[in-house]
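> Need a 3D model of the sequence below.
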Amino acid sequence: MDTDRLRPMCIESNQPPRTHEFPRAHDKFRIKLAGSQDTNHDASVLIEKMYSWRGYAASDNAENAPNRLTLNAVFRGSIYGTITVNVDSPIGLACEEVYPDAVKSLRDQGRRLCEFGRFAVEQSVRSKRLLATLYHMVYIYAHRLHGCTDALIEVNPRHVAFYQRYLEFHVFGEERICERVAAPAVLMRLDFDVTEKRIAEIGGRWRMLPDEKSFYKYFMDSDAEAAVVSRLSGQSEEEAIRVQRPLP
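Okay, the predicted model is just below:
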């Protein structure tokens with residue numbers, strides 16, 4: 001795998017993400033669980049190279065978290081995107097190193113938390129549907145399977161508008177320095193009630209809503225999501241997380 005082709009889209013990136021499309025409409029990518037030693041190594045090498053290229057560190061204290069899941073978007077044998085979700089556990093969340101007050105306030109309200117991180121997409125070829133599918137699958141894992149109510153993510157300040165506009169996150173913690181990557185970060189929060197509502201409204205309707213900017217139109221519709229949840233509930237995660245989507 002040529003890991004230099006990919007770049008980060010969380011706090012380690014200085015450049016705001018863009019969303020160009022794959023050239024052929026009938027090509028398909030697959031979302032696969034990074035469960036093997038080889039794929040875990042590839043993902044780690046990818047993140048290390050992206051961080052070092054930006055001049056940042058690549059520490060990840062949640063590596064051994066019990067409810068951690070990494071998904072890769074694979075096209076013709078190459079990884080074009082990756083994202084990790086970590087469901088809250090006694091180990092805690094990586095973001096509370098920088099935002100302990102914000103995380104505590106949600107826990108005190110009885111919220112069930114997860115965090116998204118290590119999100120990267122391929123440098124030159126990107127798809128809105130690929131990004132949306134990665135996010136939809138980690139949402140399903142966190143919300144539908146683990147009962148999480150909210151997702152947190154630390155992003156580069158330049159990316160705040162992207163997450164607000166396309167995924168409807170909102171700022172939940174002011175800009176601070178994240179020591180893990182030696183870079184500025186802003187904490188953002190997504191209430192999964194919003195996600196569930198938007199999927200019901202526009203999920204799967206990207207062809208019918210050309211002017212809609214939200215990525216939720218590229219999510220599966222509610223029926224397709226329910227089928228994925230049923231499949232995941234009846235099989236092991238490694239066997240079940242295989243989603244094949246055509247590229248728009």
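> could you show me where the strands are in this structure, in order?
For the chain, the strands defined by DSSP state E cover 6-8, 28-33, 68-75, 78-87, 113-122, 150-155, 170-178, 183-191, 242-246.
> Quick one, which of the ones you listed gets closest to residue 205.
Closest approach to residue 205 among the strands of the chain is made by strand 242-246 (14.7 Å; CB to CB). For the C-beta atoms, the positions are set from N, CA and C on the backbone; glycine is no exception.
> count of residues packed around residue 207?
8 (other CB atoms under 10 Å).
> gap between it and residue 97?
42 Å (CB to CB, to the nearest Å).
> Can you list the low-confidence ranges for this protein?
Residues of the chain meeting the criterion pLDDT under 70: 1-27, 35-65, 123-126, 234-248.
> Mean neighbour count and distance to residue 133 added to the strands of the chain, as CSV?
Listed next are the strands of the chain as CSV, based on neighbours: other CB atoms under 10 Å; distance: least, CB to CB, whole Å:
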stretch, mean neighbour count, distance to residue 133
strand 6-8, 24, 17
strand 28-33, 18, 6
strand 68-75, 21, 7
strand 78-87, 24, 9
strand 113-122, 25, 12
strand 150-155, 25, 16
strand 170-178, 15, 23
strand 183-191, 21, 16
strand 242-246, 15, 5
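> can you tell which of those strands is closest to residue 162?
It's strand 150-155; of the strands of the chain, that one is closest to residue 162 (CB to CB) at 8.0 Å.
> Counting by contacts, list what the closest one packs against.
helix 100-108, strand 113-122, strand 183-191 (3 or more CB pairs under 8 Å, 6 or more residues apart in numbering; DSSP states H and E).
> which parts of the first one are buried?
Using 16 or more other CB atoms under 10 Å as the test for burial, helix 100-108 gives 102-103, 106.
> which residues make contact with stretch 192-207 from outside it?
Residues outside stretch 192-207 that contact it (CB atoms under 8 Å, 6 or more residues apart in numbering): 129, 136, 139, 142-143, 148-151, 168, 209, 212, 214, 216-222, 224-225, 248.
> So which of these sit within helices?
When helices are assigned by DSSP state H, the members of the contacts of stretch 192-207 inside them are 129, 136, 139, 222, 224-225.
> and residue 226, how many neighbours?
Quick note: residue 226 (other CB under 10 Å) scores 13 neighbours.
> go on, the one 4 residues further on?
The burial count assigned to residue 230 is 11, neighbours taken as other CB under 10 Å.
> Then residue 67?
Residues within reach of residue 67, counting by other CB under 10 Å, total 17.
> any idea how far it lies from residue 30?
23 Å.
> Residue 135 too?
For residue 135 relative to residue 30 (CB to CB), the value is 16 Å.
> Enumerate every residue touching the closest residue in space to residue 187 that isn't next to it in sequence.
Nearest in space to residue 187, with sequence neighbours left out and distances taken as CB to CB, 6 or more residues apart in numbering, is residue 173 at 3.0 Å. If you count contacts by CB under 8 Å, 6+ apart, residue 173 has them with 98-99, 102, 186-188.
> Go ahead and confirm residue 229 touches residue 146.
No: applying CB atoms under 8 Å as the test, residue 229 and residue 146 come out as separate, 11.6 Å apart.
> Identify each buried residue in stretch 198-206, please.
Under 16+ other CB under 10 Å, the buried positions of stretch 198-206 are 198-199, 202-204, 206.
> Please consider this matter closed, and thank you.
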